[in-house]
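1. Test case, fold it:
(2 chains)
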Amino acid sequence: MKEYLYSLYKQAAKNLSYLNDISITFDVPKLESHGDLSSNAAMLLPKMLKRKPVEIAGEILSALQIDPDVIEKTEIAGPGFINFFFTKKFIAKIIMEVLSDEKGFGKTQKYAGKKANVEFVSANPTGPLTVGHGRNAVFGDTIANLLEWVGYDVDREYYFNNAGRQMRVLGDSVRLRYLELLDQKVEFPADYYQGEYIKEIARNLFDEFGEKLFDQPAEGIFKQRAESEIFKDIKRSLERLSIIHKIFYNENSLYEENKIKETIESFKSKGLAYDKDGATWLRLTELGNEQDKVIVKSTGEPTYRLPDIAYHVTKFNRGYDLMIDIFGSDHNATYPDVLAGLRALGYDSEKVKVLIHQFVTIMDGGEVVKMSTRKANYITLDQLVDEVGADVVRYFFNMRNITTHMNFDLYLAKKQSDENPVFYLQYAHARICSILKMIEKENLNASVENLSLLTANEEVQLLKKLHQFKDEVLLSAETFETHRICSYLEELAAAFHKFYTFCRILGTERKLAEARVALAKATKAVLKNGLTILGVNAPERM
RNA sequence: GCGCCCGUAGCUCAAUUGGAUAGAGCAACAGCCUUCUAAGCUGUAGGUUAGUGGUUCGAUUCCACUCGGGCGUACCA
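-> Numbers count the residues shown, from 1 in each chain, chains lettered A, B, ... in the order given. Below is the predicted model:
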């Protein structure tokens, strides 16, 4: 529908040059009585043209060469909206478009040829993924899906660091647990990793090596084994949610490939780094940030900022047109420094999009569950998937804007799992599958020969929803908002359920019945595509 | 103190990025299956969009301040 209007406006702009001075948009009005699409163009122009909006609207409208087979009615309404009412005949044609390419319907080529990198999860392998990581993981993977749907070639990437203090403590935690198994008296520090999984790793080492490791350092086999076992678990947890990273980028390789040094040298040669109190500082005040920050500590060890900058430089050098970083809100103070650093090195930081999601507050029966990986007080992502299933987890984390401070009540999630909106969508899909099986038995087919018979209100409403899918996908991808897809699918499913309640297939005249089957089939395809973007299954039966 | 995020129906959240009368799902109440999936549909009730100002044709959306909550504010990541 929008494409048609755009072409009309483009044509009209040849005579009305002021149409080129504003960005033309069409919105679906909230009220049906305001038409199928609405343009506010005339209200954007009064100042420039020094004329009344309603008058401008009239001029625009009369310049549009409208095909009465497509648009049956137009009006100028309210303060200057131009409203368009499409013919039912035109609206019904969407079915042909959907059925001609069921799996591809909704995809666009707008960003074809562009490369994107989505970096997400990126938790260091110090323990199992928690529910908090779940939001990051699901959102990141879904953003990657969305970008693919609008044409990007996407790499999913996981950045981690197995070199720092965190990992040393991890290795030593395992070592101490191992020594406990040898009946050694050990003081297990309170700020070490308390989780049961540490004991399991120690137990595995004991089973394999017996007492041979008693004088091994923490940084050797203890750390290595901890890292590899925990990473295995992390990958398995992600796979349960159908999340697979293509690239695991280890911070270590930045040192091995001399990227850290190169980055410092670049800053120094630009006069943006200086030494003070034995440390190296980055002149961030010169780059528009609040204060200078240390990039190399007096111990000679870089702070996270330096490798983060060097890491992003590698992304630029790897040729990405769009780089997405997904962080929890606890990292919100770090990225301005990194972006400023990149700008200083001559990179276009606009290509880096940092998406910050707020924390998930876990509740259990109304009580807040406080979480900490080190204290081993957390609910793991695995536990959550065990409790409610992968589909519910994926849907739940996708259905809310990432800016919301989301509450997740485990008690309610378990209790109300049947009433979760994801089942509403899956049910609609399963219901259609069942219809399609049924019509086979009745010797009916999906037919697009008589789509103009689809004129009942419930049919038209559903058809209009199908029209919106492509726009929703594009908008969701461009705004990096997955929850729009959920809202859209809930509306689509509702429109279908209404249609199916009022419009029967059996016992209806054959031509109409077959047109309705085609409508159901098209709806099924769009539901399936939407769920695919979200990474949620579309079951054939429930 | 300062920075980022948030505050919308009893609860969980939307609102086409500044649009017309703020919408869904739960929860509550009242209805709808002897034929196609009732995990569904129909209806009722529920609001000073935290508050006060401002910007303009028009504000839940933008700006300022106030109140309340989350996360940060390191030579931790």
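2. ok, A:Ala42 - contacts?
-> A:53-54, A:56-57, A:60, A:76, A:80-82 (CB atoms under 8 Å, 6 or more residues apart in numbering). No exception for glycine: its C-beta is placed from N, CA and C like everyone else's.
3. contacts with RNA strand B among the residues you listed, please.
-> A:Phe81 (CB under 7 Å from any atom of the strand).
4. Out of the contacts of A:Ala42, which sit inside strands?
-> A:76, A:81-82 (DSSP state E).
5. out of these, who's nearest A:Leu8?
-> Closest approach to A:Leu8 among those (CB to CB): A:Ile82, at 10.8 Å.
6. neighbours around that closest one, how many?
-> 24 (other CB atoms under 10 Å).
7. Let me see the contact set for it.
-> Per CB under 8 Å, 6+ apart, neighbours of A:Ile82: A:38-39, A:41-42, A:57, A:60-61, A:74-76.
8. Go again with 6 Å.
-> Going by CB atoms under 6 Å, 6 or more residues apart in numbering, A:Ile82 touches A:39, A:57, A:61, A:76.
9. could you check whether stretch A:362-371 is close to RNA strand B?
-> No - applying CB under 7 Å from any atom of the strand, one finds stretch A:362-371 separated from RNA strand B by no less than 8.2 Å.
10. So which bits of that stretch are buried?
-> A:362-363, A:371 (16 or more other CB atoms under 10 Å).
11. Now the terminal residues of it, how far apart.
-> 9 Å (CA to CA, to the nearest Å).
12. which other residues reach that stretch?
-> By CB under 6 Å, 6+ apart, stretch A:362-371 touches A:130-131, A:377-379, A:407-411.
13. what do you get for stretch A:327-335?
-> Residues contacting stretch A:327-335 (CB under 6 Å, 6+ apart): A:354, A:356, A:358-359.
14. just the residues of the stretch 351-500 of chain A that are near RNA strand B, which are they?
-> Residues of the stretch 351-500 of chain A lying near RNA strand B (CB under 7 Å from any atom of the strand): A:356, A:358-359, A:399-401, A:403-407, A:416, A:418-419, A:421, A:423-424, A:427, A:430-431, A:433-435, A:438, A:475, A:479, A:481, A:483-484, A:487, A:490, A:494, A:497-498, A:500.
15. Please list all residues in contact with the nearest residue to A:Leu129 once chain neighbours are set aside.
-> Excluding the flanking residues, the one nearest A:Leu129 by CB to CB, 6 or more residues apart in numbering is A:Leu381, at 4.3 Å. Going by CB under 6 Å, 6+ apart, A:Leu381 touches A:129, A:134, A:237.
16. my guess is the last one meets A:Leu129, correct?
-> Put plainly, it is A:Ser237. Yes - taking CB atoms under 6 Å as the definition, A:Ser237 is a contact partner of A:Leu129 at 4.9 Å.
17. Give me the more crowded residue out of the two.
-> Using other CB under 10 Å, the more surrounded residue of A:Ser237 and A:Leu129 is A:Leu129, with 25 against 22.
18. Next, the more buried one: phi, psi?
-> When read as degrees, to the nearest 10, the backbone of A:Leu129 gives phi -70, psi 140.
19. again with A:Val369
-> phi -100, psi 110.
20. is A:Leu37 in a bridge, and if so with what?
-> A:Phe84 (DSSP bridges).
21. Enumerate every residue touching it.
-> Applying CB under 6 Å, 6+ apart, the residues near A:Leu37 are A:1, A:26, A:84.
22. Neighbour count, secondary structure and distance to A:Gly507 for the contacts of stretch A:327-335 - can I get that in CSV?
-> Output for the contacts of stretch A:327-335, formatted as CSV (neighbours: other CB atoms under 10 Å; DSSP: H, G, I helix; E, B strand; the rest coil; distance: CB to CB, whole Å):
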residue, neighbour count, secondary structure, distance to A:Gly507
A:Val354, 17, strand, 57
A:Ile356, 15, strand, 55
A:Gln358, 16, coil, 52
A:Phe359, 14, coil, 54
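23. what's the closest non-adjacent residue to A:Arg240?
-> A:Arg240's closest residue in space is A:Val385 (CB to CB, 6+ apart), at 5.3 Å.
24. Could I have the CA atoms of the helix or strand encompassing that neighbour written out in PDB?
-> Assigned by DSSP states H and E, A:Val385 belongs to helix A:381-388. Taking Å, rounded to 0.1, in the frame of the first residue of the first chain, the C-alpha atoms of helix A:381-388 are listed here in PDB:
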ATOM      1  CA  LEU A 381      19.600 -19.600  32.000                       C
ATOM      2  CA  ASP A 382      19.400 -23.400  31.900                       C
ATOM      3  CA  GLN A 383      17.100 -23.500  34.900                       C
ATOM      4  CA  LEU A 384      14.900 -21.000  33.200                       C
ATOM      5  CA  VAL A 385      14.800 -23.000  30.000                       C
ATOM      6  CA  ASP A 386      14.100 -26.200  32.000                       C
ATOM      7  CA  GLU A 387      11.200 -24.500  33.700                       C
ATOM      8  CA  VAL A 388       9.400 -22.800  30.900                       C
END
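25. centre of the chain versus the helix or strand just after that helix, how much separation?
-> Per DSSP H and E, the first helix or strand lying C-terminal to helix A:381-388 is helix A:390-398. Counting by CA atoms, centre = their mean, to the nearest Å, helix A:390-398 is centred 12 Å from the centre of its parent chain.
26. how about helix A:390-398 as PDB, C-alpha atoms only?
-> Extracted as PDB, the C-alpha positions of helix A:390-398 are listed here (Å, rounded to 0.1, in the frame of the first residue of the first chain):
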ATOM      1  CA  ALA A 390      13.100 -22.300  25.000                       C
ATOM      2  CA  ASP A 391      10.100 -20.800  23.100                       C
ATOM      3  CA  VAL A 392       8.800 -19.000  26.100                       C
ATOM      4  CA  VAL A 393      12.300 -17.700  27.100                       C
ATOM      5  CA  ARG A 394      12.900 -16.400  23.600                       C
ATOM      6  CA  TYR A 395       9.500 -14.800  23.300                       C
ATOM      7  CA  PHE A 396       9.600 -13.300  26.800                       C
ATOM      8  CA  PHE A 397      12.900 -11.500  26.300                       C
ATOM      9  CA  ASN A 398      11.900 -10.300  22.800                       C
END
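27. Check what contacts the following helix or strand past it and list those residues.
-> Downstream of helix A:390-398, the next assigned helix or strand under DSSP H and E is strand A:406-409. Contact with strand A:406-409 is made by A:360-363, A:400, as judged by CB under 6 Å, 6+ apart.
28. Quick check: buried residues in the helix or strand bottoming out on mean pLDDT in chain A?
-> Using mean pLDDT, DSSP states H and E, the weakest-scoring helix or strand in chain A turns out to be helix A:410-415, at a mean of 74. Under the neighbour-count criterion of 16+ other CB under 10 Å, helix A:410-415 has A:410, A:412-413 buried.
29. Tell me the gap between that helix and the middle of its chain.
-> Counting by CA atoms, centre = their mean, helix A:410-415 comes out at 24 Å from the chain centroid.
30. re the thing from before, save the contacts of A:Leu381 as CSV, and put in pLDDT and distance to A:Phe209 too.
-> Shown next, in CSV, are the contacts of A:Leu381 (pLDDT from 0 to 100; distance: CB to CB, whole Å):
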residue, pLDDT, distance to A:Phe209
A:Leu129, 93, 28
A:Gly134, 94, 35
A:Ser237, 96, 27
